[in-house]
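>>> Give me coordinates for this.
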Amino acid sequence: MGYQHKKTFDASATALAFPLGGIGTGNVSLGARGELRDWEIFNAPAKRNMLPNTFFAIRVQAGDQAPVLRVLEGALVPPFNLSHGYHPSQNGGLPRFANVQFCGEYPFAHVELDDPNIPVRVALEAYTPFIPLNPEDSGIPCASLTYSVTNISDQPLAMTLVGSLCNAVGGVQFDPFMNIARSKQGKTRNQYRNEAAVRGIFMDASGIAADDFMFGSMGLVTTHENVTVKPQWLRSGWWDFLQEFWDDLANDGLLTDLDYEVESPDGRPDTGSLGIVDTLQPGETRAYPFWITWHFPNRHNSWHGPQTVKPGARPTIRNHYATRFADAWEVATYVVSEQPRLYADTQKFHNALFNSTLPDYVLDTISANIVPMRSNTCFWLEDGRFYGWEGCFDTGGSCAGTCTHVWSYAYSLAFLFPSLEREMRRIEFQIETEDDGYMTFRNLKSLGETFVWTWADQPKAEPAVDGQMGSVLRAYREWQLSGDRVWLESIWPAVKRALDFAGAHWDTDHDFVLDGKQHNTYDIEFYGPNPLSNIYYMAALRAVEEMAKALGEPEVAERCHQAFEASASKFDALCWNGEYYNQYLEDVDAYKYQHGQGCLSDQLLGQLHAHALGLGDLLPREHIRTAIKRIFDYNYLVGFQNHSNCQRTYVLNDESGLLLCTWPHGGRPTFPFVYSDEVWTGVEYHVAAELIYNGWLQDALQIIKSVQARHDGVRRSRWDEVECGHHYARTMSSWTVLLALSGQHGDVHQGTLSFNPVIDASSDPNLFTCFWSNGRAWGRYRQSRDSAGNWTPEIEVLGGSLEGVTVSACGKSWVADAVGSPA
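Numbers count the residues shown, from 1 in each chain. Coordinates of the predicted model:
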């Protein structure tokens, strides 16, 4: 039982980057060789951003024998065709371990290093605390790195394990030769501190205002008592700095404090080193903990940098974590003092997710797509506002404004940190929704900006039908996951206006079928009745009907129900072609960028929401079941060698994937919608989930296997699924696969939680286990079958409380106490 086939990567997985860092904190990533890469802790994406002189190393010595030194990484791999070779600040010439294996089970990463010429084996465990329903402790700006060293020789070994970190406060820039340029702000200060259980180097800079974008601090700390410290590396010419450090470490394993004035004198950043000194007996293993912490509190008070800050507004605004911690040292003291709890609760989450009977590639998919919420795709401000880009460029956010037509696919955040999703809905409905129900699909108003759709000539951007209906559905989801009536009442008038706007704006002939100019997630407008818009609309009508019942507005509920019935009947008659739902247009080329008779992979997205949220079938059951099967049959392509794609390319060569649209019976427009030949993982996942809901399990699993095969560490990183940017928000639709496979549905308002798993997806026909969350609590669900064929359900609460909730599974129901047992 459990995660049976752990995927390991070797040094050839050069695309692999495992992000460390919390919600709204930025990241530093761990590469397949065990190297620290992609330093993105400065309030902006920064792929391939290197911090000079930043690495861990080990020195071991047996008796009077010559010491052995290694960087704690696997060997560098080709290509090596840099114009000037590796600069000394990249330490490419220092010896490394011959063999490396990387394994990632988010939020934990493990690296194993060994070498026939070194008398030790080293294992690294890296993570940042991650605890469902606790965004505060899942939003700590830190990376925990614990190196376990085993003496595999027959002699005692003197050992020094050293971490070196560049003080990047004020910024680090390079000249064309990769020398560190004298261009940073302020003068860096590296100070050794030894306070209570925490000892290490605190890094900041003088001469930078507290509200400046570059203001901040960093830390490198340990709890080990026997340390050696070099607060500053040699300040000298050429590359004396690396030579002096390496020779100093090699000499006796003790670092020399060079007794410099604290401030760097010349606008260049200092590097500091912190080492642990110990002796290992033959066969002995010991663990050596380090933490890297950071605190860069200020970000631009706008989406697009200082040039778009609202006149009269302050230029920067603080991150949420700055309200908890004054600097990186406070981060370090907190994370060290709370380490036993933080680690234990993070391990509980990991075990509940991975010790499951679900297939390993499904677990990899679900866990890997937690990453966007803790990447620079998202940011969390001091007053609690929470926002998301669509994804990340290499050096900036991609597509601003918590885009509703992208984020409406995402489910992971809602089930892990529902309070943050509720804040997004508050912004959408209280700030971005106008009196007539018009909602901007990019939320810019609350940061003082005006959204203008630059590809169109109208002064006011078209509303997005899928985004607006998706927000209505997500309001219902957040209500189910919270039961917070006060919160729902605060957005309820705007929810009703947003739904009414659909009928007034997109239903031109008032027959409850949307047929007007309908902007959508493909960045174009559909015209006429089409499945994406209309099935979304039906689902939104059902969601508002249920919310109206709960809030005691039966007239609204009845009006929505009647509209839903009329919409479903009319749309099914217009757009069902016997196999799937198509777009109803007499001339598909009358407007550019339509899909017409094409089989659209997103056609049942509204139905997926309805199934995940317990709203039932929106259209005839057999039509839904047939349509989702045809989406797989027609749109899933094995091998792309013969596929012509003049759009963006995400899948190619021998890879497999699900196209956004195909025309199995002809009728392709001259210019179909602009992304039709592409493959988006966020769409693949929701199609897989809907396949599962309709009994097409093997087809669903085949889609997921294909996504994982494409993200093999060599072609692409497993922890970065790209669409219009890195760490794309749409990929968080993967959580619906877990909901579908477990048959999991919770409603805090109703006080219910139920399971109806797909046992065929289990590794054991007599056992099913999975992670669950209902917005109030989380844990592990288990059901087992005895020799007589009788199933017994059990629920384990690992966080929160289930007290008073009626749990239903295996044909049984019980009112639970706080830990899930019958009360």
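
>>> where exactly do the strands run in the stretch 151-300 of the chain?
Applying DSSP state E, counting those that start in this stretch to the stretch 151-300 of the chain gives strands spanning 157-166, 187-195, 198-206, 217-222, 227-230, 271-280, 285-295, 298-300.

>>> Identify, out of those strands, the most deeply packed stretch.
Most buried of the strands of the stretch 151-300 of the chain, by mean neighbour count (mean count of other CB atoms under 10 Å): strand 217-222, with a mean of 27. Glycine gets a C-beta too; all of them are placed from N, C-alpha and C.

>>> got the angle for it vs strand 187-195?
Angle between the axes of strand 217-222 and strand 187-195 is 40 degrees (criterion: axes from the mean of the first three to the mean of the last three CA atoms, to 10 degrees).

>>> Contacts made by strand 217-222 with the rest, please.
Residues outside strand 217-222 that contact it (CB atoms under 8 Å, 6 or more residues apart in numbering): 163, 165, 167-169, 198-204, 272, 274, 276, 288-295, 327-329, 331-332, 336.

>>> That strand versus strand 271-280: what angle between them?
Counting by the same axes, to 10 degrees, strand 217-222 lies at 10 degrees to strand 271-280.

>>> now the angle from strand 217-222 to strand 157-166?
170 degrees.

>>> Show the contacting residues for residue 121.
Per CB under 8 Å, 6+ apart, neighbours of residue 121: 112, 113, 114, 149, 150, 152.

>>> do that again at 7 Å, thanks
114, 150, 152 (CB atoms under 7 Å, 6 or more residues apart in numbering).

>>> cool, residue 678 as well?
Contacts of residue 678 (CB under 7 Å, 6+ apart): 647, 648, 650, 660.

>>> Isn't the third one up against residue 679?
Yes: between residue 650 and residue 679 a contact is recorded at 5.0 Å, counting by CB atoms under 7 Å.

>>> any low-confidence regions in this protein?
Counting by pLDDT under 70, the chain contains low-confidence residues at 1-5, 183, 307, 452-457.

>>> Repeat the analysis, applying 50 as the threshold.
1 (pLDDT under 50).

>>> Out of the contacts of residue 678, which end up buried?
Among the contacts of residue 678, those scoring as buried are 650, 660 (criterion: 16 or more other CB atoms under 10 Å).

>>> Now distance to residue 597 too, for the contacts of residue 678, in CSV please.
Shown next, in CSV, are the contacts of residue 678 (distance: CB to CB, whole Å):
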residue, distance to residue 597
647, 19
648, 24
650, 25
660, 15
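
>>> Go through the contacts of residue 678 and say which is closest to residue 89.
Closest to residue 89 out of the contacts of residue 678 is residue 650 (34.6 Å), distances taken as CB to CB.

>>> Confirm that that closest one lies within a helix, as I assumed.
No: assigned with DSSP: H, G, I helix; E, B strand; the rest coil, residue 650 falls outside any helix and is coil.

>>> From residue 60, how far out is it?
45 Å (CB to CB, to the nearest Å).

>>> cool, residue 547 as well?
64 Å.

>>> do residue 661 as well
Taking CB to CB, one finds residue 661 at 59 Å from residue 60.

>>> same deal with residue 525?
66 Å.

>>> Could you check which of these two is surrounded by more residues?
When residue 525 and residue 60 are compared on other CB atoms under 10 Å, the one with more neighbours turns out to be residue 60, at 22 against 19.

>>> Check the secondary structure at the more buried one for me.
strand.

>>> got a list of what it touches?
67, 68, 119, 120, 157, 158, 159.

>>> just residue 50 next, same as before
Contacts of residue 50 (CB under 7 Å, 6+ apart): residue 90.

>>> Repeat that for residue 294.
41, 141, 216, 218, 328.

>>> Kindly report the same for residue 101.
Contacts of residue 101 by CB under 7 Å, 6+ apart are 8, 10, 112.

>>> can you pick the most crowded of these?
residue 112 (18 neighbours).

>>> and that one, that's in a strand?
Yes: assessed by three-state DSSP, residue 112 belongs to a strand.

>>> That one bridge partners, please.
For residue 112, the residues forming beta bridges with it (DSSP bridges) are residue 101, residue 123.

>>> Do I have it right that it meets residue 120?
No: using CB under 7 Å, residue 112 is not in contact with residue 120; the gap is 11.8 Å.

>>> Would you confirm that residue 747 contacts residue 481?
No: using CB under 7 Å, residue 747 makes no contact with residue 481, being 8.4 Å away.

>>> coming back round to it: closest one to residue 799 out of the contacts of residue 678, please.
residue 650 (36.0 Å).

>>> could you measure the closest one against residue 16, distance?
Distance from residue 650 to residue 16, by CB to CB: 18 Å.

>>> Residue 123 now?
Residue 123 is 18 Å from residue 16, by CB to CB.

>>> These two: which has the busier surroundings?
residue 16 (27 against 18).

>>> Now do the strands for the stretch 401-550 of the chain: every range, in order, please.
518-519, 525-526.

>>> Using a markdown table, lay out the contacts of residue 101 together with distance to residue 602.
Below are the contacts of residue 101 laid out as a markdown table (distance: CB to CB, whole Å):
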| residue | distance to residue 602 |
| --- | --- |
| 8 | 35 |
| 10 | 38 |
| 112 | 42 |
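
>>> quick one: which of those is nearest to residue 431?
Nearest member of these to residue 431, counting by CB to CB, is residue 8, at 46.8 Å.

>>> The closest one contacts residue 100, doesn't it?
No: using CB under 7 Å as the test, residue 8 is too far from residue 100 to be in contact (9.8 Å).

>>> okay, now residue 460: neighbour count?
12.

>>> Start and end of stretch 255-262, how far apart?
Start-to-end span of stretch 255-262 (CA to CA, to the nearest Å) is 17 Å.

>>> How far off centre is that stretch?
Offset of stretch 255-262 from its chain centre (CA atoms, centre = their mean, to the nearest Å): 41 Å.

>>> cool, and stretch 160-168?
28 Å.

>>> Count the residues that sit near the nearest residue to residue 694 once chain neighbours are set aside.
In this structure, residue 694 finds its nearest non-sequential neighbour in residue 625, 4.5 Å apart by CB to CB, 6 or more residues apart in numbering. Around residue 625 there are 17 other residues, counting by other CB under 10 Å.

>>> before we move on, what about residue 654?
10.

>>> Now it, what are its backbone angles?
phi -90, psi 10 (degrees, to the nearest 10).

>>> My guess is it contacts residue 638. True?
No: the criterion here is CB under 7 Å, and residue 654 misses it with residue 638 at 9.1 Å.

>>> Enumerate the helices of the stretch 201-350 of the chain by residue range, in sequence order.
Using DSSP state H, counting those that start in this stretch, the helices assigned to the stretch 201-350 of the chain run over residues 240-252, 328-337, 339-354.
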